[in-house]
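Colleague: let me see the structure of the following:
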Amino acid sequence: MQPTSHFSKPIILLCFFLLIVQIANSFYLARGVEPSPAFDLLYALGFLWLIGWWLKEDSRKYGVKWVYDMGLFLYLAWPFVIPYYLFKTRGVKALITILSFAGIFMATYMIGALVYALLAE
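Modeller: Residues are numbered from 1 along each chain as shown. All right, here's what the predicted structure looks like:
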């Protein structure tokens with residue numbers, strides 16, 4: 001019997017991805033160097049890919065059908081699409097998921113700030 005996790009693979013990867021990005025940002029900041037355009041591009045593409053993967057996996061669970069070109073749709077409107085989707089599928093419990101996402105962002109940001117503080121000394 002395989003142990004199951006409450007968190008899906010895309011969410012776990014999103015946490016690691018954001019952690020790596022924030023630590024990399026702290027290295028750039030501590031050295032006084034601007035992140036390269038390639039880094040910014042990889043961050044944007046990786047973030048949207050992971051959000052899209054989570055959304056696709058989660059929408060299968062709830063039986064929600066999506067538009068044909070989900071990539072462009074997420075790129076243009078993800079800050080509006082994700083909360084709408086969450087409230088549509090979960091009702092008021094969507095606030096828990098939204099706060100969880102905000103917590104992930106804040107935790108990785110704080111870890112990045114800690115790494116910066118250690119490197120800047």
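Colleague: what about the protein, any weak spots by pLDDT?
Modeller: Along the chain, the model assigns pLDDT under 70 to residues 1-6, 67.
Colleague: repeat that with 90
Modeller: 1-8, 30, 48, 52, 55-56, 58-82, 84-85, 101, 119-121 (pLDDT under 90).
Colleague: what about the helices in it?
Modeller: 9-31, 37-62, 70-90, 94-120 (DSSP state H).
Colleague: need the residues that contact the first one.
Modeller: Counting by Cβ atoms under 8 Å, 6 or more residues apart in numbering, helix 9-31 makes contact with 5, 34-35, 39, 43, 46-47, 50-51, 53-54, 57, 104-105, 108-109, 111-113, 115-116, 119-120, all of which sit outside it. All C-beta spots, glycine's among them, are computed from the backbone N, C-alpha and C.
Colleague: give me the buried subset of these.
Modeller: Among those, the ones that count as buried by 16 or more other Cβ atoms under 10 Å are Y43, G46, F47, L50, I51, W53, W54, T108, Y109, G112, V115, Y116.
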